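Trainee: how does the following fold in three dimensions:
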Amino acid sequence: LIRIIEPYSCVEIDHVANLIEMPLPVVEKKLSQMILDGKFHGILDQGKGQLIVYEETDTDKAMEKGLKVIENMDKVVTSLFSRSQALRSMMI
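Mentor: So this is what the prediction gives:
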């Protein structure tokens, strides 16, 4: 299925079903499962009987780096908190 839909950005589901010689409901179910499993990005527009395929996007590098900074800051704050607790227990 992926090879068949690969060249399209929008394709009639009926056309795909005819190409692989399978019933339309079976093809719709399989395509929806593939979308949910992340095999490709797209939506089924059952009202129009179309599969709309989205281009795969690269992961957002800024978002990844931002999350890494937050993770590192959490480690620093946790470490400082532990040290301040140790100092307080020594003062008492």
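
Trainee: ok, how many other residues are close to residue 5?
Mentor: By the measure other Cβ atoms under 10 Å, the count of residues near residue 5 is 20. For every residue, glycine as well, the C-beta is placed using N, CA and C.

Trainee: and it, how far from residue 20?
Mentor: Computed as Cβ to Cβ, to the nearest Å, the residue 5 to residue 20 distance reads 10 Å.

Trainee: what of residue 11?
Mentor: 12 Å.

Trainee: who has more neighbours out of these two?
Mentor: Applying other Cβ under 10 Å to residue 11 and residue 20 shows that residue 11 carries more neighbours, namely 18 against 11.

Trainee: name the residues of stretch 78-86 that are buried.
Mentor: By neighbour count on 16 or more other Cβ atoms under 10 Å, the buried set for stretch 78-86 is empty.

Trainee: what lies in contact with that stretch?
Mentor: Applying Cβ atoms under 8 Å, 6 or more residues apart in numbering, stretch 78-86 turns out to have no external contacts.

Trainee: in this structure, which residue is closest to the centre?
Mentor: residue 38 (6.4 Å; Cα atoms, centre = their mean).

Trainee: now do the phi/psi pair for that residue.
Mentor: phi 80, psi 20 (degrees, to the nearest 10).

Trainee: so for it, what pLDDT did the model give?
Mentor: The score at residue 38 is 84. That number is its pLDDT.

Trainee: mind listing what it touches?
Mentor: Contacts of residue 38 by Cβ under 8 Å, 6+ apart: none found.

Trainee: and residue 8, how far from residue 41?
Mentor: Residue 8 is 13 Å from residue 41, by Cβ to Cβ.
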